[in-house]
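Asker: Output the structure for:
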Amino acid sequence: MVQPLLLHAAGAGPNPWKVILLLEELQLPYEVKHWTFPELKQAEFGKLSVNGRAPVIQDPNTGVRLWETGAIIEYLIDTYDKSHSLTYTTSPETWHLKQWLYFQTTTQGPYFGQKFWFTHFHPEKIQSAVDRYAREVDRVVMVIDSHLQQTGGQYLVGDKYTYADLAFITWFEISPRAMQNPNLFEDWAPKYPAFSAWWKRISGRPVTVKVLQSMRGLLTQQQKDQALPPK
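Answerer: Numbering: from 1, shown residues only. Modelled structure (predicted):
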């Protein structure tokens, strides 16, 4: 019997919620320990991650402790997706999965995060930075749309939903706030139709709906606490 995994998370930050999505899809038992953002920089959390960032996962079944979301996703897939429901074992699909996961962790996450930072948290308004990261957000959408139009597929890799699709969800979830546009997905639809269809497909999965509802609830509370603009 699998013992519950322990996920260390901080607020409604998108990266821990990526891991929650995967844990839910794999139907793994887990517990979440929530830390405040200041606590991530203190010594106690530093024993878990020298990087001082969430998420961190601890697996009592294997003794593995990991930080960095991409590594955690690969670990959970390799260790627990024995039926290959969210992955492939064939080439080139296995490499294409990694390609998209790394694009998410090196491009979507950082650029969306910087757009959010310079829009809501940076102490001075730097319009050139806001504009630059807004263009990068749009570029990520363009890349996904172009790929889906070229392949004619419904998902990023092959003919099924995989961890490559899953990895993008939570950062797209906060993109209307990052871009200060509550109608962002509606505005993207005519320009990026393949992306729009893909987003509706993956965001409408029952597990995704459940997890995003919880994420939104926490983000709403966090928004009140930090006086962020409403979505």
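Asker: low pLDDT regions in this structure?
Answerer: In the predicted model, the chain carries pLDDT under 70 at residues 223-231.
Asker: any idea how it splits into domains?
Answerer: 5-80, 93-226 (automatic domain parsing).
Asker: Dump those domains to a markdown table, plus mean neighbour count and distance to T87.
Answerer: C-betas here are computed from N, CA, C, even on glycine. Converted to a markdown table, the domains of the chain look like this (neighbours: other C-beta atoms under 10 Å; distance: least, C-beta to C-beta, whole Å):
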| stretch | mean neighbour count | distance to T87 |
| --- | --- | --- |
| domain 5-80 | 17 | 5 |
| domain 93-226 | 17 | 6 |
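Asker: Take those domains and lay them out in a markdown table including distance to L86.
Answerer: Below are these laid out as a markdown table (distance: least, C-beta to C-beta, whole Å):
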| stretch | distance to L86 |
| --- | --- |
| domain 5-80 | 6 |
| domain 93-226 | 5 |
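Asker: could you pull out the strands for this protein?
Answerer: In the chain, the segments counted as strands under DSSP state E are 5-10, 30-35, 56-59, 64-67.
Asker: What lies in contact with the first one?
Answerer: Counting by C-beta atoms under 8 Å, 6 or more residues apart in numbering, the neighbours of strand 5-10 from elsewhere in the structure are 16-17, 19-20, 23, 28-37, 39-40, 45, 48-49, 54-61.
Asker: Dihedrals phi and psi, the closest residue to D159 other than its chain neighbours?
Answerer: The spatial neighbour of D159 that comes closest, neighbours along the chain excluded (C-beta to C-beta, 6 or more residues apart in numbering), is G153 at 6.7 Å. Backbone torsions of G153, given as degrees, to the nearest 10, read phi -90, psi 170.
Asker: Can you show me the helices along this protein?
Answerer: Counting by DSSP state H, the chain has helices at residues 14-25, 43-46, 69-80, 93-103, 109-120, 127-151, 163-166, 169-173, 175-178, 184-191, 193-203, 206-226.
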